[in-house]
Structure formats: structure tokens, C-alpha cells
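Student: Okay, predicted coordinates and the sequence, questions at the end:
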Amino acid sequence: MKVTVVGAGAVGESCAEYIAIKNFASEVVLVDIKEGFAEGKAMDLMQTASLNGFDTKIVGTTGDYSKTAGSDICVITSGIARKPGMSRDELLGINAGIVKSVSSSLIEHSPNTIIIVVSNPMDTMTYLVHKTTGLPKNRIIGMGGALDSARFKYRLAEALEAPISDVDGMVIGGHSDKGMVPLTRLATRNSVPVSEFLSEERLEQVKQDTKVGGATLTGLLGTSAWYAPGAAVSGLVQAIACDQKKIYPCSALLDGEYGLSDLCIGVPVVLGRNGIESIVEINLSDAEKEHLAASADAVKTNNANLEL
């Protein structure tokens, strides 16, 4: 199993590290445009192999996509990161050109690959890859929902004063501060609805804290987060590589599901060796449907600004 990660910045490096530590891939290729950067990151990570007990080979390259040939899964993290006060949508113009070029180069050398898009604005970048590559829709996946759901579970555990392993919950909708739809109604603590433990007001606070999870970290760090995004990517990559048939919320191209078409937005999907094995349609409340529809409208507005 060969995995390529494009962009050796903080998020790309974190992706490569978590994938290697889980020890299911034979090789991880890091690609960057900055001379020597990916090679240096790869060497540094390989020097942790004996300490962290993995045998995955990590190699780096400065823009030589021939080294990515035959990749089963490719992850695109390249592009500029958010600065404090910026929305993900403000990155569209710059990152669209980068994602278009990178996805084309990857497919040239790995025509049967599965692409995971991390670059922001993520739902629109995922849609761009669909529109410009011609890959089957099951082989193009946007990462956002897995990360947003992890942040949701963190906030739920904090409110419940419970271990995170006790908590389950999901975020659907757009990967944006306003577009996320945290499904508080369906969240549980060890199978018990969290509404049994938390007031409506506290749950609303959890929801709002989840929606601005990325912006909160950007304000604290001065740039985008990287540990949780990298871990989220590694979870998706492992589910595909090991044919786990796990359900993750991911940005998928919809064709009538949830009453939506011709856009990518976060919905629950089953991930396996073919990428998106199926889209899971769950029964949403009227309020949740309304929030998802509003989120979809915002994504479509972004998509309209793409130069395809």
C-alpha cells in the first residue's frame, strides 16, 4: 500500500507521521515545492521509526511526481493556510489553482488512485477535483467531516466531564464556521443520548464551540491546526487501505441524496477499498434539514466562483 501526501507543511507532515505510526502502509511519499523541504521532513520522520516501532518507508521529493507513481491513495494538503481572522472561503482563489495542478500531476502517474482533499475551502476544492479530473466519484473524498466530528466529540466530552472514548457524535454539512451541522440530537455517551446529561443550553454551546473549532485554534496558534487534521486524514486512509467499511462523515459528490445534487458536502459515508463504498442517508429533523440546506447554498455560492 503506497500513500502520497502532497504538501509537507505542518498538516502534511502530521498526516505522514500518523499514517506511518499506524504501520499499515508500505510507503509514504511526501511532496513539496520548496527545495529539500519534503526530503528533510521524510528523513526526520524516518529517524523516529526505530523509536516509534514502524516499518513504513517515508521518502520525500521536491516536485518530482514520478516518485508518486502507483500510489493507492493520494492526499492533497497543499495551498496556503488560514491566518487569524480569515475564513476558509478566502483561500479559494489561490488554492484552486494549486489543487487543480496537483491533482492532474498525481493522476498522470497514478490513474487508479483515490484522492483525499484537505486543502481549504475543502468542499469546493473537492468539487473542483471532481470537475477537472474525470475520476469516478467514489474515488474523490473531502476530509472535513472527520475532523469536525473529532472536535465535536472533544467538546461533548468536555461538557459531559467524560472520557472521549465514551462519546460518539457526528458533524455533517459544509466544512466552514457557519456551514457545519453538529448532530447533537444523535450524539451519545455509551449509547445514552447526551440530552439525558446536558441541558439544551449547554448542548447549544457545544454546537457553537464546535463550529468555530478551527477558528479558535487559528486565533491561538496564529495559523491552522495540524495534529487533529493529520490524525483525521490517517483515519480515512487506514479505513480505505484496510477495507474497514467504517462510517465517517466526508465531503462527497451528491446526486439526489439528502435532496442535494451537483455539489460536495459532508455526509456519512462507508469507506473501504473502493473509497466511498456508499453514502448513508440518515433521517434528519426539520431543523437539521434546514441547516444542511443553508450550508449547501453557501457551498454552491463558493463553487460558482471557481474557474473550471
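Tutor: Structure's in. What do you need? Numbering: from 1, shown residues only.
Student: Could you use CA atoms for every contact and neighbour count after this?
Tutor: Noted.
Student: Now the most centrally placed residue in the chain. Its backbone dihedrals?
Tutor: Nearest to the mean C-alpha position of the chain, by Cα atoms, centre = their mean, lies Met143 at 1.7 Å. Reported as degrees, to the nearest 10, the phi and psi values for Met143 are phi -80, psi -20.
Student: Could you pull up the residues touching it?
Tutor: Contacts for Met143 were tallied using Cα atoms under 8 Å, 6 or more residues apart in numbering; they are Ile116, Val117, Val118, Met122, Ala232, Val233, Leu236, Cys250, Ser251.
Student: which of those tops the neighbour count?
Tutor: Using other Cα atoms under 10 Å as the contact criterion, the top neighbour count among these goes to Cys250, which has 33 neighbours.
Student: right, and the secondary structure at that residue would be what?
Tutor: The assignment at Cys250 comes out as strand when based on DSSP: H, G, I helix; E, B strand; the rest coil.
Student: same check, this time on Thr4
Tutor: Of the three states, Thr4 takes strand according to three-state DSSP.
Student: re earlier: the residue nearest to the centre of the chain and Ala25, how far apart?
Tutor: According to Cα to Cα, to the nearest Å, Met143 and Ala25 sit 19 Å apart.
Student: Repeat that for Gly40.
Tutor: Shown here: Gly40 relative to Ala25, a distance of 20 Å by Cα to Cα.
Student: Please say which of those two ends up with more neighbours.
Tutor: More neighbours surround Ala25 than the other of Gly40 and Ala25, with 22 against 16 (other Cα under 10 Å).
Student: what's near enough to touch the more buried one?
Tutor: For Ala25, the contact set (Cα under 8 Å, 6+ apart) comprises Met1, Lys2, Val3, Ile19, Thr56, Ala241.
Student: And the helices in the protein?
Tutor: Taking DSSP state H as the criterion, the chain contains helices spanning 10-22, 37-46, 49-52, 92-109, 122-133, 144-160, 200-211, 213-221, 227-241, 286-303.
Student: Give me the angle between the second one and helix 10-22.
Tutor: If I follow you right, that is helix 37-46. Relative orientation of helix 37-46 with respect to helix 10-22: 30 degrees, computed using axes from the mean of the first three to the mean of the last three Cα atoms, to 10 degrees.
Student: Now helix 37-46 - C-alpha only, PDB.
Tutor: Taking C-alpha atoms only, helix 37-46 is exported to PDB below (Å, rounded to 0.1, in the frame of the first residue of the first chain):
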ATOM      1  CA  PHE A  37      11.800  20.500   2.500                       C
ATOM      2  CA  ALA A  38       9.900  17.200   1.900                       C
ATOM      3  CA  GLU A  39      13.200  15.300   1.800                       C
ATOM      4  CA  GLY A  40      14.200  16.800   5.200                       C
ATOM      5  CA  LYS A  41      10.800  16.100   6.800                       C
ATOM      6  CA  ALA A  42      10.900  12.500   5.500                       C
ATOM      7  CA  MET A  43      14.400  11.900   6.900                       C
ATOM      8  CA  ASP A  44      13.400  13.400  10.200                       C
ATOM      9  CA  LEU A  45      10.300  11.100  10.400                       C
ATOM     10  CA  MET A  46      12.300   8.100   9.300                       C
END
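Student: Please renumber the chain so that the first residue is 6 from this point on.
Tutor: Sure, I'll start counting at 6 from here, so that last one is helix 42-51.
Student: ok, and what's touching it?
Tutor: The list of residues contacting helix 42-51 from outside it, by Cα under 8 Å, 6+ apart, reads 12-13, 18, 22, 35-37, 62-67.
Student: Looking at the residues you listed, state which has the most neighbours.
Tutor: Neighbours were tallied for each of those (criterion: other Cα under 10 Å), and the maximum of 31 neighbours falls on Leu35.
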